[in-house]
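S.K.: Build the 3D model from these lines:
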Amino acid sequence: MADHLPKFNGGPAVTFTASAAITGGQVVEVTGDRTVGPGTAASAKAIGTAAHDAASGAKVVVHLPGPVDTAVSAAAILAGAKVEAAAAGKIQTATTGYVLGIALTAATGGDQTVEFVR
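M.R.: Here you go, the predicted model:
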C-alpha cells in the first residue's frame, strides 16, 4: 500500500523521520525525538498511521488522532512517554494523573518546550 488516507480527518498530518522502513497505512509509534517506526504489539507509544511508504531515515507524514500541543517540562521527559500536568502549569512523565498525551519530543530537564499529541 503506497499511499494511505484516514477514513475521517480528525487530527493533523505531521511530518516525522522514519527510524525504520515504514509502509503506508502502518500504525507507527514514537521511537525518538520527532522520530517514528512501525508500531509494536500493544504499544503505549503508538500515535497514528503512516500516510505513505518511507525508508529508514526518510521523512514520513503521520495522521495523528488529535492536535499537537506544546508545554514546558518540569523535569526530563522521554519522547514517547505519556505526559500529565505538573506543578506550575508544566508537564511531566505520567504517573497517576490524567494523561494529556504522548510526547513527540524529549526534554533533558526542566523548563524545556515539549511537543505532545493529545
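S.K.: neighbours around residue 17, how many?
M.R.: The local packing of residue 17 (other CB atoms under 10 Å) involves 17 other residues. Quick note: C-beta positions are derived from backbone N, CA and C, even for glycine.
S.K.: Correct me if wrong: it contacts residue 35.
M.R.: Yes: Residue 17 is within contact range of residue 35, at 4.8 Å (criterion: CB atoms under 8 Å).
S.K.: Show me which positions of stretch 47-59 end up buried.
M.R.: Neighbour counts over stretch 47-59 (16 or more other CB atoms under 10 Å) mark 47, 48, 49, 50, 51, 52, 53, 54 as buried.
S.K.: So which residue is dead centre in the chain?
M.R.: Closest to where the C-alpha atoms of the chain average out (CA atoms, centre = their mean) is residue 104, at 3.9 Å.
S.K.: For residue 51, see how far away the spatially closest residue to that residue that is not a sequence neighbour is.
M.R.: Sequence neighbours aside, residue 115 is the residue nearest to residue 104 in space, at 4.3 Å (criterion: CB to CB, 6 or more residues apart in numbering). Taken as CB to CB, to the nearest Å, the spacing of residue 115 relative to residue 51 amounts to 19 Å.
S.K.: Per-residue pLDDT of the residue located most distally from the centre of the chain, please?
M.R.: The C-alpha centroid of the chain is most remote from residue 88, which lies 23.8 Å away (CA atoms, centre = their mean). pLDDT, residue 88: 94.
S.K.: and if you look at residue 4?
M.R.: Residue 4 is given a pLDDT of 62.
S.K.: What of residue 81?
M.R.: With respect to pLDDT, residue 81 scores 97.
S.K.: quick one: contacts for it?
M.R.: Residue 81 makes contacts with 93, 94, 102, 103, as judged by CB atoms under 8 Å, 6 or more residues apart in numbering.
S.K.: Could I have the buried ones of those as PyMOL selection syntax?
M.R.: To isolate the buried members of the contacts of residue 81 in PyMOL, using 16+ other CB under 10 Å:
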select buried, resi 93+94+102+103
